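**Student:** Okay, sequence plus prediction incoming.
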Amino acid sequence: MKINCPHCGATIEKPKIILVKCGFCSSSFMLEMDDNNFQSLIQLNKFFYIKSKAFTALTMVQHPHDEGIRLDYLVKDSHGDEFILMVEDENIALIQSTQEVINEKLKWSSLLPNTQVKLLGTHWLVTQKRAYIGKNKQSYLSNQSAELLILSFANNYISCQQGKWVDAFEISHEN
């Protein structure tokens, strides 16, 4: 049996595990068994849950970067609030969809992985750096509460988005 990657449509031989990485677009996605058929847990215009909170995926955008690809799903919760569900390799995060400009004297080149930074009153660990093709550069910072801060560097200003890391096993089709 073969399945199609829900992100790029590439054909994948029947996987034996539920966390699959597409050999064509390098995206990772979770599969669940439904009458011997597999499907991605995140499907456009269908409900899914993170813990017990319901979301609907409205759109999906791919962001190629220097080390692969990141998928951003625009999702809406039951109150109509919008978020970005970011999926990159085995990492998943739920991020507020708004960006705010911060007035800090930071340089993307100085934020090296595994270094600590105090920013917005919180201690953060730099976990990743990404240079997006045709776009800005980003640094991912995490803290001890599994919070995520994404700093975007473009046109001499820094914007940030905040969110939380999500365990893939917290995502389901049923509440």
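**Tutor:** Everything's here; your move.
**Student:** only C-alpha atoms for contact and neighbour calcs from this point on.
**Tutor:** Fine.
**Student:** okay, now residue 143: neighbour count?
**Tutor:** 16 (other C-alpha atoms under 10 Å).
**Student:** Residue ranges of each domain in the protein, please.
**Tutor:** 1-37, 100-164 (automatic domain parsing).
**Student:** any chance of those domains in CSV, plus distance to residue 54 and mean pLDDT?
**Tutor:** CSV is the format used below for the domains of the chain (distance: least, C-alpha to C-alpha, whole Å; pLDDT from 0 to 100):
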stretch, distance to residue 54, mean pLDDT
domain 1-37, 17, 70
domain 100-164, 16, 87
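**Student:** Residue 61 is nearest to which of these?
**Tutor:** domain 1-37 (9.2 Å; C-alpha to C-alpha).
**Student:** Quick check: closest non-adjacent residue to residue 10.
**Tutor:** The shortest distance from residue 10 to any non-neighbouring residue, by C-alpha to C-alpha, 6 or more residues apart in numbering, is to residue 4 (5.3 Å).
**Student:** er, residue 132 actually
**Tutor:** Nearest to residue 132 is residue 65, by C-alpha to C-alpha, 6+ apart, at 4.1 Å.
**Student:** report the longest strand in this structure, please.
**Tutor:** strand 53-65 (DSSP state E).
**Student:** now for the next helix or strand after it, which elements pack on it?
**Tutor:** Counting by DSSP states H and E, the next helix or strand C-terminal to strand 53-65 is strand 68-77. Counting contacts by 3 or more C-alpha pairs under 8 Å, 6 or more residues apart in numbering; DSSP states H and E, strand 68-77 is packed against strand 53-65, strand 82-88.
**Student:** give me the beta-bridge partners of the residue positioned nearest the centre of the chain?
**Tutor:** In the chain, the C-alpha nearest the mean C-alpha coordinate belongs to residue 86, at 1.6 Å (C-alpha atoms, centre = their mean). Applying DSSP bridges to residue 86 yields these beta-bridge partners: residue 72, residue 93.
**Student:** And it, how close does it get to residue 105?
**Tutor:** 27 Å (C-alpha to C-alpha, to the nearest Å).
**Student:** again with residue 56
**Tutor:** Counting by C-alpha to C-alpha - residue 56 and residue 105 are separated by 37 Å.
**Student:** So for those two, which residue has more residues nearby?
**Tutor:** residue 56 (21 against 7).
**Student:** If you count neighbours, what's buried in stretch 107-119?
**Tutor:** 108, 111, 116 (16 or more other C-alpha atoms under 10 Å).
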